[in-house]
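# Next input, structure requested:
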Amino acid sequence: MTALLTTPVTTALNTALHSVLTIPSPSQGVWHIGPVPIRAYALCIIAGIIVAIIISERRWAARGGRVGDIQDLALWAVPFGLVGGRLYHVITDNDLYFGEGKNPITALYVWRGGLGIWGAIALGAVGVWIGCRQKGIRMLPAIDTMAPGVVVAQAIGRWGNYFNQELYGRKTDLPWKLEITKDPEGYATAPTYHHPTFLYECIWDLGVFGLLIWAERRFKLGYGRVMALYIMGYTAGRAWIEDLRVDKVQLNDVLGLRLNVWTSIVLFVAGAVWFWWSARKHPGREESLYVEGRGPAAEAPDAEALAAEALPADPSDENADETADDFAEDTPVAEDPDETPEVEVEAADTDPVEAAPADEVEVAGEVEPEVAEEPVVEEPVVEEPVVEEPVVEEPEVEEPVVE
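Take a look at the predicted model:
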């Protein structure tokens, strides 16, 4: 009895789960505004680039970098990356564009898909290097700052594969299977269900982004170790996801594995060696983001120069401006700035008393030359003669004696 009840319930739940979680194929991947086609693949790539620049700009500013530097580097990195990504794809899958019945001009049709991430990263790094050389930015802190934004851009860009119905995995009956309604040539076909490898990589890339942010803050990673960790994290996921894919590639069997699987393995090892070597040689993070003599600190006006400009000009300076001339109207100026101006003092008729040197007076940070005081002449003291009054002695008069 239980088995009879369980089977229909399980079947119903399974059917409902499949209907809810199955990823439908997109109704269209191209929209037209008049004669201009707007392709979802291109929109995903552009959105990823914009998000990567925003994330990197904020991270760069948080490290003390100048706002706008990442945008300037992106002007080099983005075109170089697009060219590198397309070159890698065309070289490794050249049979799609060259040979009998092929049209080589289609190798330029980037909007149809086909950007190799390895070529994009490699040539994009060359663009970053050129930009860093021009702006005086150190390369390693720059790529460490940009790595998390790059992996988020990859996560967004993978949705372009969904709209193009390409690069999906083997057939599956999992609840989250992806519905495909056209063949690799673009022709409509009966629906088939496959592993949504685009979604797997999107989720994996977002996880790598979280790992990079956490590890950088926790261990103060620097000197390229964030980029090395990005390489290890991304390739670890790309290897198993690539092994699920069934899209046709020219080098589909290289010692039993697809070329991109081997590439992931080699780059993972290279990233691990780079991380280990950098940690041993340069523990910690860089103190400066710019080469010596460049950057905001070097370009900022000298504080001492600004203070000097704010003070009145030196009156003894022959090139002083009108304000300084007005200030120095009553002050004699020596021809030689090293000589002390002299002040002539006329000699007095009497012997002058030596004047004490006047203290130097500071006026707005300037020291006025020492000016001698006029001699103090003491007036002679004339003693008035003392006149003694004569003493008159009165004669003694003898009184007569009366007997």
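# What's the local residue count around T11?
The tally of other residues near T11 (other CB atoms under 10 Å) stands at 10. In this view, the C-beta of every residue, glycine as well, is placed from N, C-alpha and C.
# please renumber so the chain begins at 10
New numbering, starting at 10: the last item is T20.
# Which element, helix or strand, includes it?
In the assignment (DSSP states H and E), T20 maps to helix 11-30.
# next SSE after that helix?
Assigned by DSSP H and E, the successor of helix 11-30 is strand 39-42.
# What is the helix or strand just after that following strand packed up against?
Sequence-wise, the next helix or strand downstream of strand 39-42 (DSSP H and E) is strand 45-48. For strand 45-48, the elements it packs on are strand 39-42, judged by 3 or more CB pairs under 8 Å, 6 or more residues apart in numbering; DSSP states H and E.
# Give the buried residues for the lengthiest strand in the chain.
In the chain, with assignment by DSSP state E, the single longest strand is strand 197-203. For strand 197-203, a neighbour-count test (16 or more other CB atoms under 10 Å) marks 202-203 as buried.
# again, but for stretch 77-88
Buried residues in stretch 77-88 (16+ other CB under 10 Å): 78-79, 82-83, 85-87.
# Can you flag which of those residues belong to strands?
Counting by DSSP E, those contribute nothing to strands.
# from those, which is closest to S34?
V87 (30.0 Å; CB to CB).
# The residue nearest to the closest one when sequence neighbours are not counted: which element?
Leaving aside its sequence neighbours, V87 sits nearest to I58 (CB to CB, 6 or more residues apart in numbering; 5.9 Å). Per DSSP H and E: I58 is located in helix 49-71.
# Quick check: the gap between the closest residue to A245 other than its chain neighbours and G242.
Beyond its immediate neighbours in the sequence, the residue positioned closest to A245 (CB to CB, 6+ apart) is F277, lying 6.1 Å away. Counting by CB to CB, to the nearest Å, the separation of F277 from G242 is 9 Å.
# quick one, which of those two is more surrounded?
More crowded of F277 and G242, by other CB under 10 Å: G242, with 23 against 18.
# Mind pulling up the pLDDT for the more buried one?
With respect to pLDDT, G242 scores 98.
# wouldn't it be in contact with L220 here?
Yes - the pair G242 and L220 passes the contact test of CB atoms under 8 Å, sitting 5.7 Å apart.
# before we move on, the earlier item: and the longest strand of the chain, average pLDDT?
Strand 197-203 comes out at a mean pLDDT of 91.
# ok, now which ones touch G140?
Taking CB atoms under 8 Å, 6 or more residues apart in numbering, we find G140 in contact with 81-82, 84-86, 146.
# Between those, which sits nearest T206?
The shortest approach to T206 among the contacts of G140 belongs to A86, at 26.2 Å (CB to CB).
# Give me the local confidence score for that closest one.
97.
# ok, now how distant is the residue lying closest to it once chain neighbours are set aside from A306?
What sits nearest to A86 in space, not counting adjacent residues and going by CB to CB, 6+ apart, is G136, at 4.1 Å. Counting by CB to CB, the gap from G136 to A306 is 26 Å.
# And for V60?
For V60, the distance to A306 - CB to CB - is 30 Å.
# Between those two, tell me which one has more neighbours.
A direct count of neighbours by other CB under 10 Å for V60 and A306 places V60 higher, at 15 against 11.
# The more buried one contacts Q163, correct?
No - the criterion here is CB under 8 Å, and V60 misses it with Q163 at 10.7 Å.
# So, low pLDDT: which residues of the protein?
10-19, 22-23, 27, 309-412 (pLDDT under 70).
# what residues are up against A237?
Going by CB under 8 Å, 6+ apart, the list of residues near A237 reads 280-281, 283-284, 287.
# for Y177, same thing?
170, 187, 189, 203-207, 254-256.
# now those as a markdown table including distance to L91 and secondary structure?
Shown next, in a markdown table, are the contacts of Y177 (distance: CB to CB, whole Å; DSSP: H, G, I helix; E, B strand; the rest coil):
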| residue | distance to L91 | secondary structure |
| --- | --- | --- |
| N170 | 16 | helix |
| L187 | 27 | strand |
| I189 | 27 | strand |
| H203 | 28 | strand |
| H204 | 28 | coil |
| P205 | 25 | coil |
| T206 | 22 | helix |
| F207 | 20 | helix |
| R254 | 22 | strand |
| V255 | 26 | coil |
| D256 | 21 | coil |
